[in-house]
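Student: Take a look and give me a structure for this.
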Amino acid sequence: QAEPAQRPAQLGGGRAADLALVRERLPRLPPNASSASEERRRAFRRRMQLLLPQEALTALRALGAEFSTQGLSYAGVYIDRAWDILRRHRPTGMELLADMISTQADLTMQRALRCALQHHCDGGAPEAVAKVKEEERGHKSSVDGCSLFVLDLPDAQLLLVLSFCASPHCLSASGVASRTLQRLTATDSLWAIAWAGGALRCGSDLRQRFLAHRASQCVECRRPTKFEHVIVGCRLCEQCERSCPHYALVRSGAAMTQFQLPERVLLTLPHMDGATGRVYLRSAVEGLAAHHHTREGLQRLRAKNVVGESASGRQRRRDVPQGRASCQSQAREIRGQRRVDDDPCCFEATALQLAAD
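Tutor: Numbers count the residues shown, from 1 in each chain. Modelled structure (predicted):
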């Protein structure tokens, strides 16, 4: 008798697990962000046109127009219908849905989509979502046969209760439960307790200052840094960029040669134009190459198109007549040869820039 009651939750678990993977691919949204990068939006549109069929693109455009018309309350339906379209193109569909959310120009709509995605990941089946929504109205208990709501307590008692569990995680989780708790959890006295040992835990607006402090930390080592990663969109220090392999870079010329990808395909990926040239994330280029080539096909293309120095040295030397004209043509040929990349591992390249704040 217990199996039929558990079946809806199991059916919803797969969808919730897929959307949880989408949430993991979302870059963190800084608290003081003004708008999404226009360059990232252009690259995302080019990538959509390259990877999705025309009918899927048409359906997503209609869905976006309906989201703009209906407003923020339509965010949950938007996530559902967008995933119904993109789940046929896994695992690329997960990355596309994450980019679709993070490249929203209107940050209010982007936050609504992030919140709706969070609810989908936590809820699972519709029955579980309804149960969570019912519990969010207030924790109800029975004392001597009388019903008691936590929010019915005076503010002084609520602040006292919250002071016993005053941690950044608990205060943030309680603040999204209701408008009353959102107002109370922003009190400076609670954040002074949560920010125990912090150098700046005195004064006013402690919650905003705490969030700004956390947002200025490196996502890997949690040390304060002034730099942010342009491609990934997160705070990152110079040491972690060099030591973490998933931030490795590759230049456009090396990417076209090693992975046999044309430039128009590479332009669908987020990139940065710096002093040492245009760079991409190597992991993103590898994923794009795996979508376009098989392993054996890539090896055949490399063997056909990439000629090493030893192979070129064994080529038969052509006998050309000596003279002024022939020497000039040889000079033009030498000048037109492709320059050798002196830094193929991108040790001198970086995708960091000073953060806006």
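Student: which residues sit in contact with Gly171?
Tutor: Wrong residue type there; residue 171 is Leu, not Gly. Applying Cβ atoms under 8 Å, 6 or more residues apart in numbering, we find Leu171 in contact with Leu162, Thr185, Leu190, Trp191, Ala194, Arg207. (Each C-beta comes from the backbone N, C-alpha and C, glycine too.)
Student: helix, strand or coil for it?
Tutor: Judged by DSSP: H, G, I helix; E, B strand; the rest coil, the three-state class of Leu171 is helix.
Student: Equivalent analysis for Arg278, please.
Tutor: Classification of Arg278 by three-state DSSP places it in strand.
Student: Would you confirm that it contacts Ala254?
Tutor: No. If you go by Cβ atoms under 8 Å, Arg278 and Ala254 don't touch, sitting 10.7 Å apart.
Student: quick one: which of the two has more around it?
Tutor: Ala254 (20 against 16; other Cβ atoms under 10 Å).
Student: Is the more buried one located within a helix, as I assumed?
Tutor: Yes. Ala254: assigned to a helix according to three-state DSSP.
Student: tally of neighbours for His293?
Tutor: Neighbours of His293 under the rule other Cβ under 10 Å: 17.
Student: so what's it up against?
Tutor: By Cβ under 8 Å, 6+ apart, the contact set of His293 is Phe259, Gln260, Leu301.
Student: who's in contact with the closest residue to the first one other than its chain neighbours?
Tutor: Across the structure, with Cβ to Cβ, 6 or more residues apart in numbering as the measure, the residue nearest Phe259 apart from its sequence neighbours is Ala289 (3.9 Å). With Cβ under 8 Å, 6+ apart as the criterion, the residues that contact Ala289 are Phe259, Gln260, Leu261, Leu298.
Student: For those, which two are the farthest from each other?
Tutor: The distance between the two most remote of the contacts of Ala289 (Cβ to Cβ) is 9.8 Å, for Leu261 and Leu298.
Student: neighbour-wise, which of those two wins?
Tutor: A count of neighbours by other Cβ under 10 Å puts Leu261 above the other of Leu261 and Leu298, at 23 against 17.
Student: Quick check: phi and psi on the more buried one?
Tutor: phi -120, psi 130 (degrees, to the nearest 10).
Student: if I look at it, how far off is Ala351?
Tutor: According to Cβ to Cβ, to the nearest Å, Leu261 and Ala351 sit 19 Å apart.
Student: Equivalent analysis for Leu52, please.
Tutor: From Leu52 to Ala351 the distance is 27 Å (Cβ to Cβ).
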